[in-house]
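Colleague: I would like the atomic coordinates for the input below:
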Amino acid sequence: MTLFDEPGLDGCECDMLTHDSSMNDSPSACTFRFYEELNDFLSPERCKKPFLHRFSGTPSVKDTIEAIGVPHTEVDLILVDGISVDFSHLLKGDERVSVYPTFERLDITPATRLRPTPLRKPQFVVDVHLGKLARYLRLIGFDTLYRNDYVDEDIVRLSVSERRIVLTRDRGILKRSDVTHGYWLRHTSPREQLKEVVGVFDLWARVQPFCRCIECNGNLRRVDRPSVLERIPLGIARDFQEFSLCDGCERVYWRGSHYERLARLVQELLQAAPSPPSRK
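Modeller: I've put the predicted structure just below:
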């Protein structure tokens, strides 16, 4: 059953095919077309158009897609000659392969959905280059593991054992077969990365600022002033009445100038949330 109507490769569209000249001696080739944000992983001459990719033997469609440069965690649907297939499907040559990203609003239940069902409790593990993003995610309430000495094996292990979404700028981590939930960040600015993560995973309604320690990821709880007097400067104890204590590292938080700065960051984030659709 053909699940999606696509333009054929007859006529003028054939003239748009780009060729992989690096493997001219390979016996087989398929025509690939990647859609929407999956084009972020492709070279400009392959973006938003069909192109030929040559290969030897009968590789799986998953291995071929990752050889082209697209991590499997970014893919939600693959059609081979219009038929939905899973990652293990073997390519023989002369097929037309259409590759789609995660569908947010389109029901593809009749098709072979490749990504596992979304995690009910969004929690993350981030790579060593994303320390500031980790702090920002904790600031708005999301359980986020980060250490500057994590190696790839640590990140994969935590993702699998604790069902965490991997956030990374390293495509190689997302190509590991054990990783089922992951996302390659397009932006390099930590603030833009924060908006990107919240938007991609539709977390706007789950934002809960100032409930988690931005240093260790522990939960914060309100405490009375006498219980923290020995932990804070005398001037702070005199000028502030409300305090929170981290259950993990026992760091004390209060609403000083640091709070105002972070509150502005949260407000800026929430202002970027999409407006709800109007009801007619």
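
Colleague: now the lowest-mean-pLDDT helix or strand in the chain - C-alpha only, PDB.
Modeller: The weakest-scoring helix or strand in the chain, judged by mean pLDDT, DSSP states H and E, is helix 234-239 (a mean of 88). As requested, the backbone C-alpha atoms of helix 234-239 are provided in PDB (Å, rounded to 0.1, in the frame of the first residue of the first chain):
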ATOM      1  CA  LEU A 234      25.200  37.800  57.300                       C
ATOM      2  CA  GLY A 235      24.000  40.500  54.900                       C
ATOM      3  CA  ILE A 236      22.000  37.900  52.900                       C
ATOM      4  CA  ALA A 237      20.400  36.600  56.000                       C
ATOM      5  CA  ARG A 238      19.400  40.200  56.900                       C
ATOM      6  CA  ASP A 239      18.100  41.200  53.500                       C
END
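
Colleague: and the contacts of it?
Modeller: 225, 229, 254, 256 (Cβ atoms under 8 Å, 6 or more residues apart in numbering). All C-beta atoms are positioned from the backbone trio N, CA, C, and that covers glycine.

Colleague: local confidence estimate at the third one?
Modeller: This points to Trp254. What the model reports as pLDDT for Trp254 is 92.

Colleague: for the second one, same thing?
Modeller: Leu229 carries a pLDDT value of 89.

Colleague: doesn't it belong to a strand?
Modeller: No - note on Leu229: no strand contains this position according to DSSP: H, G, I helix; E, B strand; the rest coil, which reports helix.

Colleague: look up how far Ile173 lies from it.
Modeller: Leu229 sits at a distance of 45 Å from Ile173 (criterion: Cβ to Cβ, to the nearest Å).

Colleague: comparing these two, which residue is more hemmed in?
Modeller: For Leu229 versus Ile173, neighbours defined as other Cβ atoms under 10 Å are more numerous around Ile173 (21 against 13).

Colleague: sec struct for that one, please.
Modeller: Ile173 - assigned by three-state DSSP - is helix.

Colleague: that one reaches Val179, doesn't it?
Modeller: Yes - using Cβ atoms under 8 Å, Ile173 makes contact with Val179 at a distance of 6.7 Å.

Colleague: find residues that contact each of those two.
Modeller: Looking at what touches both Ile173 and Val179 (by Cβ under 8 Å, 6+ apart), the common residues are 156, 166.

Colleague: can you pull out the strands in the stretch 1-150 of the chain?
Modeller: For the stretch 1-150 of the chain, the strands defined by DSSP state E, counting those that start in this stretch cover 28-34, 51-55, 75-80, 83-85, 96-101, 124-126, 144-145.
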